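**Student:** Show me the folded form of this:
(2 chains)
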Amino acid sequence: MSEPESNNPLDEVVVRNVDALVHREDPGQFTLHLKPEWWRAVSIIGSSHLSDPDVTRFTAAFRWLGVMAVYAVALELRDSIETVRRFPATEAGLKAFNRATSHFNYALTTYDCTALVVCTTDDYMVVCGPEQFVRLALGREPDEAMEEFHQWGTDPWWPATTRKVFESVWSAFVNPGPVVVFPGWVAKPKGTS
Amino acid sequence: VLSLLLISVLAQSPDYDAFSDRDGNILTERHGRALFAMLQKPGMVERLFADAAKGDRRAKRIVETLEADYFPDTGRELAEKVSRPPCLVPALRELSGWCVPEWSFLDFLDKDKPGGARLRKALFDGFAERIRVRGLENQIVLSAMTALLGISVAAMAIEAGEATASLKQILADAKPFSESKPGMGSTQFKKTGGWDAANRDFDVLARGRPVKSYAGNVRSCEFPDGTTASVRPMSSGEIPTVQIDSPKRNPIKIRYE
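**Tutor:** You can find the predicted model right below:
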């Protein structure tokens, strides 16, 4: 698991860019700014974080963006886990991302935040970016992926409170505005209530 | 000097014609005898594995045969020998002279070099498989593992076994409610007892391992086989959750309501 570090100026820029796009308003809520406005955003099932098929598809999607590396930016606990880490934009790189971050809330993105994936510890992810990136990452039509997420998240075997969470996430991304607020539980930083 | 060096290098190459056909198949008794004579010469095992790693077709085939057949079969044979009825009687076992495996015949396989370690592992896997099929005690397997693979590998296996045992213990009274296909999503369990029970179970899981504590009451630990575990007070609807990620299976999440 991750250790705190990073003095690279580019890393700091990536963190600032991510912070401008997604942040925690309170421990049970994320706010996501969909910029530019032509970004597509889709909520999907998470597997702490990426399943093997996700790894293959996400690699193809990042390859389509033409990047050599992806960045993991912590969305919580920045005083005690590594705030930013770089991984090669390859299947091995994404598997390494998974191993390093699977117990924490992280954003997976590129150096210029052309696309961004919110990887939560709450069994779901949000894939945002240009339409083609999102299609490649999902491996199907975004509407189909949303429908699958909805069916999975409202399955009666989930505890009622969890079903409510998934329902809220789904609703937030069915017709998202420029700013999307959706549930997500990140650990509180030290010294806050 | 150059030709002497060349002769010396050539002399260290395995004579593949002596123990295989042109495709690397070991077909005759003569091949078999020559192969085992070659393996016992210093440095030859590693040279064979190095040739295979470089893509030599014959070497690859031979390594494949040794790892998949010869050494596991030898391990199985040994397991048969030490699990015959007299060997299951404690006093007779020690007095027999043949019930306790003697591993020194493998001294030519260096456990600290890649080729030697892989062949030892192949032999051990065959041995352990047969011993377990016969339902015999883990102690036999563990002492073989220590002798064959070294103390550090054996210790890792024991610790990994302990992690699995702890996981079984905490899942004993858990209710599974969602099993995902391999590589797809998490396998979910429900338990009662809330945050206190989640913490207690995490402590059982992490027993004896270093635990990292973070703000917000999040804790995590790692196991030698790459498994990681964490406990969180809030996840997916403010439900305390223990999460176990293993390189070998889907993530497991236990929800404490």
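
**Student:** Heading C-terminal from the worst-scoring helix or strand of chain A on mean pLDDT, find the next helix or strand.
**Tutor:** Least confident helix or strand, chain A: strand A:22-26 with a mean of 80, by mean pLDDT, DSSP states H and E. Sequence-wise, the next helix or strand downstream of strand A:22-26 (DSSP states H and E) is strand A:29-33.

**Student:** what's the closest non-adjacent residue to residue B:237?
**Tutor:** Leaving aside its chain neighbours, residue B:237 sits nearest to residue A:161 (3.4 Å; criterion: C-beta to C-beta, 6 or more residues apart in numbering or on different chains). (C-beta placed from N, C-alpha, C; glycine too.)

**Student:** ok so residue A:71 is a strand residue?
**Tutor:** Yes - assignment of residue A:71 by DSSP: H, G, I helix; E, B strand; the rest coil places it within a strand.

**Student:** what ranges of the stretch 1-150 of chain B fall below the confidence cut-off?
**Tutor:** Filtered on pLDDT under 70, the stretch 1-150 of chain B yields the residue ranges B:1-11, B:85-86, B:88-98, B:133-142, B:146.

**Student:** go again using 50 as the cut-off
**Tutor:** For the stretch 1-150 of chain B, the stretches with pLDDT under 50 are B:5-10.

**Student:** And for chain A?
**Tutor:** Applying pLDDT under 50 to chain A flags residues A:2-5, A:193.

**Student:** Please repeat the previous calculation with a cut-off of 70.
**Tutor:** In chain A, residues with pLDDT under 70: A:1-7, A:25-27, A:189-193.

**Student:** who touches the residue in it positioned nearest to chain B in this structure?
**Tutor:** Nearest residue of chain A to chain B: residue A:187, at 2.7 Å (C-beta to the nearest C-beta). Residue A:187 makes contact with A:27, A:76-77, B:214-218, B:232, according to C-beta atoms under 8 Å, 6 or more residues apart in numbering or on different chains.

**Student:** Give the helix, strand or coil label for it.
**Tutor:** Assignment for residue A:187 (three-state DSSP): coil.

**Student:** Just give the closest residue to it, not the sequence neighbours.
**Tutor:** Residue A:187 sits nearest to residue B:216 (C-beta to C-beta, 6+ apart), 2.7 Å away.

**Student:** Neighbours of that neighbour, how many?
**Tutor:** Using other C-beta atoms under 10 Å in any protein chain shown, residue B:216 is surrounded by 19 other residues.

**Student:** Quick one: the strands in chain B, in order.
**Tutor:** Per DSSP state E, chain B carries strands over the ranges B:175-178, B:187-191, B:211-213, B:219-222, B:228-232, B:241-246, B:249-256.

**Student:** so does the helix or strand residue A:134 falls within get close to chain B?
**Tutor:** Residue A:134 is part of helix A:131-138 when elements are defined by DSSP H and E. No - figure legend: helix A:131-138 not in contact with chain B (C-beta under 8 Å from any C-beta of the partner chain); closest approach 13.9 Å.

**Student:** packing partners for that helix?
**Tutor:** Here helix A:131-138 touches strand A:40-45, helix A:52-65, strand A:124-129, helix A:142-153, going by 3 or more C-beta pairs under 8 Å, 6 or more residues apart in numbering or on different chains; DSSP states H and E.

**Student:** Next, format the ones you listed as a markdown table and append mean neighbour count and distance to residue B:66.
**Tutor:** Shown next, in a markdown table, are the helices and strands packed on helix A:131-138 (neighbours: other C-beta atoms under 10 Å in any protein chain shown; distance: least, C-beta to C-beta, whole Å):
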| stretch | mean neighbour count | distance to residue B:66 |
| --- | --- | --- |
| strand A:40-45 | 22 | 43 |
| helix A:52-65 | 19 | 30 |
| strand A:124-129 | 26 | 44 |
| helix A:142-153 | 16 | 47 |
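
**Student:** Specify the beta-bridge partners of residue B:187.
**Tutor:** Taking DSSP bridges as the rule, residue B:187 bridges to residue B:252.

**Student:** Apart from its neighbours in sequence, what residue is nearest the most centrally placed residue in chain A?
**Tutor:** With distances taken as C-alpha atoms, centre = their mean, chain A has residue A:118 as the residue nearest its mean C-alpha position (1.2 Å). Closest residue to residue A:118 apart from its sequence neighbours, by C-beta to C-beta, 6+ apart: residue A:126 at 4.2 Å.

**Student:** quick one: the one you found and residue A:40 touch, right?
**Tutor:** No - in this structure, residue A:126 is not within contact of residue A:40 by C-beta atoms under 8 Å, at 10.7 Å.

**Student:** Pull up the gap between residue A:183 and residue B:230, please.
**Tutor:** Applying C-beta to C-beta, to the nearest Å, the value for residue A:183 to residue B:230 is 20 Å.

**Student:** ok, the two, which is more surrounded?
**Tutor:** Neighbours per residue (other C-beta under 10 Å) separate residue A:183 from residue B:230, with residue B:230 holding more: 26 against 20.

**Student:** what sits opposite that one in the beta ladder?
**Tutor:** Taking DSSP bridges as the rule, residue B:230 bridges to residue B:220, residue B:243.

**Student:** Relative to residue A:162, how far out is it?
**Tutor:** Applying C-beta to C-beta, the value for residue B:230 to residue A:162 is 18 Å.

**Student:** Contacts only, for residue B:185.
**Tutor:** Counting by C-beta under 8 Å, 6+ apart, residue B:185 has contacts A:45-47, A:51, A:123, B:178, B:250.

**Student:** What of residue B:52?
**Tutor:** B:59-60, B:62-63.

**Student:** repeat for residue A:87
**Tutor:** Counting by C-beta under 8 Å, 6+ apart, residue A:87 touches A:69-72, A:93-94, A:96-97, A:100.

**Student:** Is it correct that it falls within a strand?
**Tutor:** Yes - under three-state DSSP, residue A:87 falls within a strand.

**Student:** For it, which non-adjacent residue is spatially closest?
**Tutor:** Nearest non-adjacent residue to residue A:87 (C-beta to C-beta, 6+ apart): residue A:93, at 4.0 Å.
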